[in-house]
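Enquirer: Sequence first, then the predicted structure, then my questions.
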Amino acid sequence: MPTPFHTSRFVEFSDTDMAGIMHFSAYFRFMEAAEHQLIRNLGFSVYSQTNGDVISFPRVAASCEFHSPAKCEDVLDIDVTVEHVGTKSVKYGFVFSQHGRSVATGCMTSVCCRVPHGKAPVSIPIPQDIAAKLRDMAT
């Protein structure tokens, strides 16, 4: 089983509610940022050009379950796993913790799309080189 990609992130004041607890919406931004870090670590981008086309990975599903509160100025550990690589989509899993304490778990599914200028994105198969790198990370 591959080792999860690991990153960490500081909980800023703007990530919290009036009680100083991390707002639920911030977890989704943290997941997206961790996904971007993983992808850059693999040598590609969530927004790039391939064969003259702009390729991107918009999210089509996201969920998060909260186990214990994160607070302003906490540093969260975030482990990212590639749970599934399909023909056109990739599903990521996220585990948030702080000093071994479970904070939250989440998942997000992104679809590879060609983005024609001025038009809606069109799903396409994940380019083979990108799919191979993602599959190498898959659990």
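Expert: Happy to help now that I have it.

Enquirer: Might you report the residue contacts of Asp77?
Expert: By C-beta atoms under 8 Å, 6 or more residues apart in numbering, Asp77 lies in contact with His6, Thr7, Ser8, Phe96, Ser97, Gln98. C-beta here means a position set from N, CA and C on the backbone, and glycine is covered the same way.

Enquirer: and with 10 Å instead?
Expert: Neighbouring residues of Asp77 by C-beta atoms under 10 Å, 6 or more residues apart in numbering: His6, Thr7, Ser8, Arg9, Val95, Phe96, Ser97, Gln98, His99, Gly100, Arg101, Val103.

Enquirer: Looks to me like it is in a helix.
Expert: No - read with DSSP: H, G, I helix; E, B strand; the rest coil, Asp77 is strand and lies in no helix.

Enquirer: how far away is it from Ala62?
Expert: Here the criterion is C-beta to C-beta, to the nearest Å. By it, Asp77 lies 20 Å from Ala62.

Enquirer: Buried subset of the contacts of Asp77, written for PyMOL?
Expert: Per 16 or more other C-beta atoms under 10 Å, the buried members of the contacts of Asp77 correspond to this PyMOL selection:
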select buried, resi 7+9+95+96+97+98+103
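
Enquirer: Among the contacts of Asp77, which ones are in strands?
Expert: Counting by DSSP state E, the contacts of Asp77 place His6, Thr7, Ser8, Arg9, Val95, Phe96, Ser97, Gln98, Arg101, Val103 in strands.
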